[in-house]
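> Return a 3D structure for these sequence lines:
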Amino acid sequence: MIITGFKAARTKPLTTAKKQVNKLIAAERAACEHAFAHRKNWRILTKLRLDARHATTLLRALLVLTNLEITR
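Just a heads-up that it's a prediction; the model follows:
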């Protein structure tokens, strides 16, 4: 599932509530992008030869560990 932010039209600026929602979405997206950047730097996934289901489980575990490392 992909969550996208709100867009302002030329004639209608965004309300403050919609701006806050966009900021929350951007913060979540940034955390994910940073986690993927860490994985690319580690080059763990370049030689990964697993079933897609197992790769997804591994990737989720790596993202959890990265988030724990970042929040320490």
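
> helix or strand for the residue most central in space within the chain, which one?
Central residue of the chain (C-alpha atoms, centre = their mean): C32, 2.2 Å from the mean position. Counting by DSSP states H and E, the element that carries C32 is helix 16-42.

> what's the helix or strand that that helix is followed by packed up against?
Tracing the chain past helix 16-42, the next element assigned as helix or strand by DSSP H and E is helix 52-71. Helix 52-71 makes packing contacts with helix 16-42 when contacts are defined by 3 or more C-beta pairs under 8 Å, 6 or more residues apart in numbering; DSSP states H and E. (C-beta placed from N, C-alpha, C; glycine too.)

> Can you get me a residue count around G5?
G5: 14 surrounding residues under other C-beta atoms under 10 Å.

> Against V21, how distant is it?
Using C-beta to C-beta, to the nearest Å, one gets 7 Å for the distance from G5 to V21.

> same check, this time on A37
Taking C-beta to C-beta as the measure, A37 and V21 are separated by 25 Å.

> Pick out whichever of the two has more residues nearby.
Taking neighbours as other C-beta under 10 Å, A37 and V21 compare with V21 leading, 15 against 11.

> Brilliant, that's me finished.
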